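In: Okay, sequence plus prediction incoming.
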Protein chains: 2
Amino acid sequence: LRKKKIRAIQYGIGPIGAAIVRLLREKNAVEVIGAIDNDPAKAGRDLGEVIGAPDAPWGVPVVADAAALLSKSADIVIHSTSSSLPSVMDQLMECLAAESCIVSTCEELSYPFRKYPELAKKLDEEAKTWGVALVGTGVNPGFVMDKLAITLSSVSQRVEHAKCIRVVDASKRRMPLQKKIGAGMSVDEFRAQVEAGVIKHHGLPESIAMVADALGFALDEITETINPVVAKELVKTEFLEVAPGQAAGVHQIGRGLIAGVEKIYMELQMYVGARDPHDTIELTGTPSLKLTIPEGTHGDLATAAVVVNTIPSILAAPAGLRTSRDLPMSFFPPSARP
Amino acid sequence: LRKKKIRAIQYGIGPIGAAIVRLLREKNAVEVIGAIDNDPAKAGRDLGEVIGAPDAPWGVPVVADAAALLSKSADIVIHSTSSSLPSVMDQLMECLAAESCIVSTCEELSYPFRKYPELAKKLDEEAKTWGVALVGTGVNPGFVMDKLAITLSSVSQRVEHAKCIRVVDASKRRMPLQKKIGAGMSVDEFRAQVEAGVIKHHGLPESIAMVADALGFALDEITETINPVVAKELVKTEFLEVAPGQAAGVHQIGRGLIAGVEKIYMELQMYVGARDPHDTIELTGTPSLKLTIPEGTHGDLATAAVVVNTIPSILAAPAGLRTSRDLPMSFFPPSARP
């Protein structure tokens, strides 16, 4: 228990950042002291007004100048600006040097040791220098396809193979997400956008690497494919229409292999009009175990939740780069004392 | 990573203790240096022979004299002798004073702060004195109805109510368990055995207290009821028969209340002939979340698994009394280095 409130800064106020801020305000133990966003439509305004809070203004500034706000040395920075680790390295390093812990939604930070071992080392060393800890987390990567599978493996004597499947109906998700997954594109356009790196769910290789390390699988190779889910009938959402033959969303498959033998299989289907959305984990072994979340873990609500719920764990963690694999994951009660 | 193997002692060689020893022997990082059991049929013999290992003898002693073996100061004692915390206090204190960490299957140790706050304090202080950590864990309490529910709550913004249901088909479980749950007794006999404290699954109040603390529910009261599941038709198992009208097993319900309002509901049905065995967790809130393990977590295999899998976590944990709530739960790969 602390005597003072946890002083928090929100870094990035996109849709997820705004949802995080709303949730942070429900926590008695947390005081949001400011937010960082370089969008001219947001910087210079009141944070409550920017996110459309009914009780705005809050007297909490949104600034474009990260350095000035970070110099106040918040206990925690909630970082939500990009999926790409290289592109956020400077932001993260600046937060650490300000002696703030970080919870980030950056997918590539969730388990960076395989793809970016040098960046991971740099962050770990910087965090230790300043005596703070950081973690990248979210629903996926961070929970459904990795932490939950690893937690389930704790009741297994032997694990031969791990399979995680997540089917998300994007129909009720926000518009940018429906666009991002290519809903309404022709199949050719979809493939071109995949080629250009625009259409992609980030995090499968990170989840595969995390699960592999937890299960003791020394993988030779991680593969990933991205294909369209092609609509068989007309799908209408609040924001767009998908005609039969058009792309309704993404179908992404990741595999972890040892000597050509599949040890881990992860499949993400995220498309408008998905029937029977669910999250399922299957561990083949002794005993074999299956776990299902029948409606699936709600992406937007749960992302903000897991990020905010991770705050107490990362504040209590040893200094350095942590992952959701290391941290006990739990709920952050609104009534919790600082 | 350690340089030397993890030196382990098994305390108690009942059916679960024997299963734990078998699994320990699969872990490259672990060396079992001995076992403690005061059963004259076991003490003085070779551990491999006692548990009927095909590769016996192992040259590993089973002793009745705990003090002599504990004086070798193992890194970890796996403790599996009783469900009752008061009855194992001396055993646990002796292990701690020997500077050994402990993973115990004692159900009442899993979250002892509500029922035995003074014993919890005593253990915590003793563990800190000697720089070691201990934890009580298992499938239930320790996983299905508490750790898994708490892990699921990490993707929730608000939790109003938690429900955990576990239905176990005892038909394929070992004979002592079938007897312990009253299968084949008359309903009157069953109720008398409940009254005498003989028939009871231990751990529901502990799971309720753990989940309540994690969710921030300041419970006024925890209630528990134990009733028979009455067989509607003849059930035959390898070991016994249950006639219609006889008890087939236990139906136990625990509730956590605030001002008379139920916040937590836990239900355990463990009986021979159970149809549709499963573990289900439902969190009512934002978003509401449901999770199911369709066949249920296998009791015997999973208990040994979770105990052995907890070894790396408890060795790495800060000194003191820990619970599965605090520890990241994971798999202990057989290939893991010491």
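Out: Ah, there it is.

In: what sits against A:Val135?
Out: A:102-104, A:109, A:310, A:313-314, A:317, A:321-324, A:327 (Cβ atoms under 8 Å, 6 or more residues apart in numbering or on different chains). (C-beta placed from N, C-alpha, C; glycine too.)

In: what's around the closest residue to it other than its chain neighbours, how many residues?
Out: Nearest residue to A:Val135, sequence neighbours excluded (Cβ to Cβ, 6 or more residues apart in numbering or on different chains): A:Arg322, at 4.5 Å. Neighbours of A:Arg322 under the rule other Cβ atoms under 10 Å in any protein chain shown: 24.

In: Then A:Asp276?
Out: Using other Cβ under 10 Å: A:Asp276 sits among 9 other residues.

In: Which element, helix or strand, includes the closest residue to it other than its chain neighbours?
Out: Counting by Cβ to Cβ, 6+ apart, A:Asp276 lies nearest to A:Val167, which is 6.7 Å off, once chain neighbours are set aside. Under the criterion of DSSP states H and E, A:Val167 resides in strand A:158-169.

In: can you pull the buried residues of whichever strand or helix holds A:Lys122?
Out: Taking DSSP H and E as the criterion, A:Lys122 maps to helix A:117-130. The neighbour-count check on helix A:117-130 (16 or more other Cβ atoms under 10 Å in any protein chain shown) flags A:Leu119, A:Ala120, A:Lys122, A:Leu123, A:Asp124, A:Glu126, A:Ala127, A:Trp130 as buried.

In: Please work out which residues outside that helix touch it.
Out: Helix A:117-130 is contacted from outside by A:85-86, A:89, A:92-93, A:96-97, A:99, A:109, A:112-113, A:133-134, A:319-321, using Cβ under 8 Å, 6+ apart.

In: Mark which of the residues you listed are part of strands, please.
Out: Secondary structure assignment by DSSP state E places A:Ala133, A:Leu134, A:Gly320, A:Leu321 of the contacts of helix A:117-130 in strands.

In: residues touching A:Ser82, list them.
Out: A:Ser82 is in contact with A:Val88, A:Cys106, counting by Cβ under 8 Å, 6+ apart.

In: could you measure it against chain B, distance?
Out: 22 Å (Cβ to the nearest Cβ, to the nearest Å).

In: any idea of the mean pLDDT in stretch A:12-29?
Out: The pLDDT scores in stretch A:12-29 average 96.

In: what about it, distance to the chain center?
Out: For stretch A:12-29, the separation from the chain centroid amounts to 15 Å (computed by Cα atoms, centre = their mean, to the nearest Å).

In: Equivalent analysis for stretch A:37-45, please.
Out: In terms of Cα atoms, centre = their mean, the centre of stretch A:37-45 is set 24 Å apart from its chain centre.

In: End to end on that stretch, go ahead and measure it.
Out: Stretch A:37-45 has an end-to-end distance of 10 Å (criterion: Cα to Cα, to the nearest Å).

In: For that stretch, give me every contacting residue.
Out: Stretch A:37-45 is contacted from outside by A:Gly12, A:Ile13, A:Gly17, A:Val50, A:Pro61, A:Val62, A:Val63, A:Ala64, using Cβ under 8 Å, 6+ apart.

In: excluding its backbone neighbours, what's nearest the fourth one?
Out: Setting aside the residues directly before and after it, A:Val50 is nearest to A:Lys42 in space (Cβ to Cβ, 6+ apart), at 4.9 Å.
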